[in-house]
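> 3D model of this:
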Amino acid sequence: MKFYHTLFILLISFYGSSQIAIDTAVLDLGKIVIYSDQSWELIEDEDFDGVLNPRIHDIMNSPEQGNYSLTWNTNDCYSRKNDLTKLKDTVWLCVESEDLGEFTMPFDGYITSRYKYRNGKFHNGIDIDLETGDTVVCAWDGVVRYAQANSGGYGNLVIVRHYNGLETYYAHLSKLLTFSGQKVTSGDVLGLGGNTGHSFGSHLHFEVRFYDNTINPEEVIDFKQKKLKDPNLFLHKTLFRPGVTPSNQWKTDSKGKKQYVEKKYYKVRSGDTLSRIAEKHRTNINRLCSLNGLRKTSILQIGQNIRVR
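I've put the predicted structure just below:
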């Protein structure tokens, strides 16, 4: 007990605003986390079950809805127990409010791979282009559920559970700058971008989940405008079926059949013109201008990302 008392006196002298966790100490009262700026935080409830939104959990855990369960900090990182394609009712979530905090883009990059089947396997999130060492931040306020190297292909992975019931995944990080149980706010640094796990080139793999079931992130976020599509999200069972895509990514062919269009981007190089880019990608200048909000007389910049499909 003398050790605990001494430790508390030491930590009180370090009190300030929290940053990166550098050490922890487990006491009878709970777990103390010490941060790099010499601040500290006491996580009092050692039996915390990970439920941040009791009202939503009561709905999801009811016999009428299907007794859905939640995991917390496990090596498996998700439970695989819940099948929300059998969800009986529509669940309303608020994704931006004073209580939840504002939304922040995890990284301001362009999408290189979408939520879809890819090479015979379903890709559960989206990939955002970045360089190794780029800063990756938290999308909404919440609590870190998982922060460690993952053997399932994610590499260094951070999972944050948010107060509206959603979870976000940040994968392939080169460095973790948070820990399980840490309270985070929108825009807080979670780690540095990288190429760990099953990855071919530096990028951020980003997922949005609800009770361990994936949702197409583009149903929630407008990545082109860098903002939420709507402050409200209505969850129904069809959102959780693999292959769900935003309506603006569908086109109708000559026979009236809808087909999914995968967006493709090209990085402008020295000597490129709209005409050369259009010819290279078997399209036309008018189409490039329409996709990118350009004029035929627009001057291209080296390194500029041009959507070609």
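> wait, isn't Phe103 in contact with Ala139?
Yes. If you go by C-beta atoms under 8 Å, Phe103 and Ala139 touch, sitting 6.1 Å apart. C-beta here means a position set from N, CA and C on the backbone, and glycine is covered the same way.
> any residues in contact with both of the two?
Ser186 (C-beta atoms under 8 Å, 6 or more residues apart in numbering).
> of the two, who's got more company?
Using other C-beta atoms under 10 Å, the more surrounded residue of Phe103 and Ala139 is Ala139, with 27 against 19.
> host element of that one?
Using DSSP states H and E, Ala139 maps to neither a helix nor a strand.
> same deal with Phe122?
strand 121-123.
> give the buried residues for that strand.
His123 (16 or more other C-beta atoms under 10 Å).
> for it, name the packing helices and strands.
strand 116-118 (3 or more C-beta pairs under 8 Å, 6 or more residues apart in numbering; DSSP states H and E).
> how far does the strand it packs on sit from the chain's center?
Its chain's C-alpha centre and that of strand 116-118 lie 18 Å apart, by C-alpha atoms, centre = their mean, to the nearest Å.
> so what are the sheet partners of that strand and their directions?
Paired neighbours of strand 116-118 in the sheet (DSSP bridges): strand 121-123 (antiparallel).
> just how off-centre is the partner strand within its chain?
Centre to centre, stretch against its chain (C-alpha atoms, centre = their mean), the figure for strand 121-123 is 17 Å.
> could you number the chain from 21 rather than 1 from now on?
Got it, the first residue is 21 from now on, which makes the last one we talked about strand 141-143.
> circling back to that earlier point, and after the strand holding Phe142, which helix or strand comes next?
strand 146-149.
> and that following strand, what does it pack onto?
strand 131-133, strand 223-230.
> for burial, what's the neighbour tally of Asn81?
Other residues close to Asn81 by other C-beta under 10 Å number 16.
> surely it and Pro74 touch.
No. Taking contacts as C-beta under 8 Å, Asn81 lies outside contact range of Pro74: 9.8 Å.
> how does this structure divide into domains?
Domain ranges of the chain: 22-63, 72-265, 285-327, per automatic domain parsing.
> pLDDT wise, what is the closest residue to Lys249 other than its chain neighbours at?
In space, Lys249 comes closest to Asp242 once its chain neighbours are excluded; the distance is 5.0 Å by C-beta to C-beta, 6 or more residues apart in numbering. Here, the pLDDT recorded for Asp242 equals 94.
> could you measure from Tyr98 over to Phe220?
From Tyr98 across to Phe220, the span is 23 Å (C-beta to C-beta, to the nearest Å).
> more neighbours: which of the two?
Tyr98 (21 against 6).
> tell me the phi and psi of the more buried one?
Here is the backbone geometry of Tyr98 (degrees, to the nearest 10): phi -150, psi 160.
> quick one, what contacts Phe260?
104-105, 107, 230, 233-235.
> 7 Å - rerun?
104-105, 233, 235 (C-beta atoms under 7 Å, 6 or more residues apart in numbering).
> now it. Nearest residue, chain neighbours left out?
Closest to Phe260 by C-beta to C-beta, 6+ apart is Leu104, at 4.2 Å.
> tell me the pLDDT at that neighbour?
Taking Leu104 on its own, its pLDDT is 92.
> could you do Tyr280 as well?
51.
> which helix or which strand is home to Gly310?
Let me fix one detail, which is that residue 310 is Ser and not Gly. helix 305-312.
> partners of the very next helix or strand once past that helix, with directions?
Using DSSP H and E, the helix or strand that follows helix 305-312 in sequence is strand 325-327. According to DSSP bridges, strand 325-327 forms sheet pairs with strand 285-287 (antiparallel).
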